[in-house]
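Starting from these lines, generate the structure:
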Amino acid sequence: MEDSKIIELFFARNEDAIRQTDSTYGRRLFHLADGIVRNAQDAEESVSDTYMKAWVTIPPHKPQYFFAYIARICRHFALDKLDWNNAAKRKAEVVSLTQEMELCVPDPQREREMSGRELGMVLDSFLRTLTPENRVVFMRRYWYADSIGEIAARYGIGESAVQMRLNRTRAKLCTYLEKEGIRV
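Numbers count the residues shown, from 1 in each chain. The predicted model follows:
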């Protein structure tokens with residue numbers, strides 16, 4: 001079913017909206033959540049929470065890009081679940097991802113004047129400058145939280161090649177942000 005039809009079901013408060021969302025995007029949402037929490041039960045819970053949050057927020061919101069909207073919700077639930085499960089002992093994979101990106105993305109405490117939306121627009125324009133291959137590798141690593149090995153296996157390239165692409169892309173991101181006047 002098309003996204004616009006699913007959103008119409010949400011606006012009509014028709015429970016088929018949840019069923020259609022699950023049949024259309026359930027697997028992708030599960031994969032996203034499972035990539036973060038690495039636990040099927042927690043991933044399912046994150047997906048279920050995503051459907052509930054979508055039910056509550058649509059309406060009044062009418063997302064232009066439905067999958068991006070629900071994927072963002074799902075990702076937040078999965079990250080919250082990961083934090084809750086690991087309390088003080090953070091999972092090394094997420095910490096390493098955060099540390100990798102800390103060198104490129106400005107600290108929100110230092111950059112109060114920049115909203116998350118503005119930073120998102122700058123990141124979107126940066127992603128458009130990348131080759132499709134580098135964009136996919138970057139997104140698989142930093143949005144879907146895939147491991148270097150998973151990315152290498154998925155695209156049939158070596159792990160060192162994935163690491164090199166990510167290093168170069170992060171360096172390009174730093175340069176791009178500085179050109180945009182964003183202090184890193």
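
Which residue lies nearest the spatial centre of the chain?
What sits nearest the mean C-alpha location of the chain, by CA atoms, centre = their mean, is Trp143, with 3.5 Å.

Return the residues in contact with that one.
Residues in contact with Trp143, defined by CB atoms under 8 Å, 6 or more residues apart in numbering, are Arg75. Bear in mind the C-beta positions are built from the backbone N, C-alpha and C, glycine included.

Distance-wise, check Gln175 relative to Ile182.
No, residue 175 isn't Gln; it's Thr. As defined by CB to CB, to the nearest Å, Thr175 lies at a distance of 11 Å from Ile182.

and if you look at Asp124?
14 Å.

So which of the two has more stuff around it?
Applying other CB atoms under 10 Å to Asp124 and Ile182 shows that Ile182 carries more neighbours, namely 17 against 9.

phi, psi of that one?
Main-chain torsions, Ile182, degrees, to the nearest 10: phi -100, psi 120.

any weak-confidence spans in the protein?
Scanning the chain with the threshold set as pLDDT under 70 gives 87-116, 184.

Strands of the protein, residue ranges please.
Secondary structure of the chain (DSSP state E): no strands present.

where exactly do the helices run in the protein?
All helices of the chain, identified by DSSP state H, fall at 3-11, 16-37, 40-57, 66-86, 92-102, 116-129, 132-142, 148-155, 159-179.

for the last one, packing partners?
Same thing as helix 159-179. Using 3 or more CB pairs under 8 Å, 6 or more residues apart in numbering; DSSP states H and E as the contact definition, the elements that helix 159-179 packs against are helix 92-102, helix 116-129, helix 132-142, helix 148-155.

ok, 6 Å please
helix 132-142, helix 148-155 (3 or more CB pairs under 6 Å, 6 or more residues apart in numbering; DSSP states H and E).

again, but for the fourth one
Helices and strands touching helix 66-86, by 3+ CB pairs under 6 Å, 6+ apart, are helix 16-37, helix 40-57.

from the chain's centre, how far out does the shortest one sit?
Computed by CA atoms, centre = their mean, to the nearest Å, the chain-centroid distance of helix 40-57 equals 15 Å.

how near is the closest residue in space to Lys53 that isn't next to it in sequence to Asn85?
Excluding the flanking residues, the one nearest Lys53 by CB to CB, 6 or more residues apart in numbering is Ile73, at 5.0 Å. Shown here: Ile73 relative to Asn85, a distance of 19 Å by CB to CB.

If you count surrounding residues, which of those two has more?
Neighbours per residue, other CB under 10 Å: of Ile73 and Asn85, the larger number sits with Ile73, 21 against 13.

you'd agree the more buried one is up against Thr50?
Yes - under the contact definition of CB atoms under 6 Å, Ile73 touches Thr50, with a separation of 4.8 Å.
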